[in-house]
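**Student:** kindly return the folded structure for what I paste below:
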Amino acid sequence: MKAVNLVTLVLVIIGGLNWGLVGLFDFNLVSAIFGEATMITRLIYILVGLSAIWQIYPFSRAVQMDEPHAETGSGMR
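**Tutor:** Predicted coordinates:
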């Protein structure tokens, strides 16, 4: 499970960096490397999207673990 979380996290980071490049410079790195609207480009986008969905679970677990600390207003244990 840890390996899947690491791989999906890396893919989410790659997707975020790509969107940052698109927003700042109108430059799509994935399309520049693999071509515009190719099957591999679509596959990368699908994997990044699925990775984001997968990362919802660890994120929700992390939020739940810190929930009691948020209620007390103290960041210390």
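**Student:** which residue is nearest the centroid of this protein?
**Tutor:** residue 12 (2.3 Å; C-alpha atoms, centre = their mean).
**Student:** buried residues, the helix or strand harbouring that residue. List them.
**Tutor:** Residue 12 belongs to helix 2-25 when assigned by DSSP states H and E. For helix 2-25, a neighbour-count test (16 or more other C-beta atoms under 10 Å) marks 8, 11, 12, 14, 15, 18 as buried. Any C-beta I mention is one placed from the backbone N, CA and C, and that applies to glycine too.
**Student:** packing partners of it?
**Tutor:** If you count contacts as 3 or more C-beta pairs under 8 Å, 6 or more residues apart in numbering; DSSP states H and E, helix 2-25 packs onto helix 29-34, helix 39-72.
**Student:** any chance of TSV for these, columns distance to residue 3, mean neighbour count and mean pLDDT?
**Tutor:** Conversion of those to TSV gives the following (distance: least, C-beta to C-beta, whole Å; neighbours: other C-beta atoms under 10 Å; pLDDT from 0 to 100):
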stretch	distance to residue 3	mean neighbour count	mean pLDDT
helix 29-34	23	15	95
helix 39-72	12	12	84
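**Student:** okay, those in TSV with distance to residue 2 next?
**Tutor:** Below are the helices and strands packed on helix 2-25 laid out as TSV (distance: least, C-beta to C-beta, whole Å):
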stretch	distance to residue 2
helix 29-34	26
helix 39-72	10
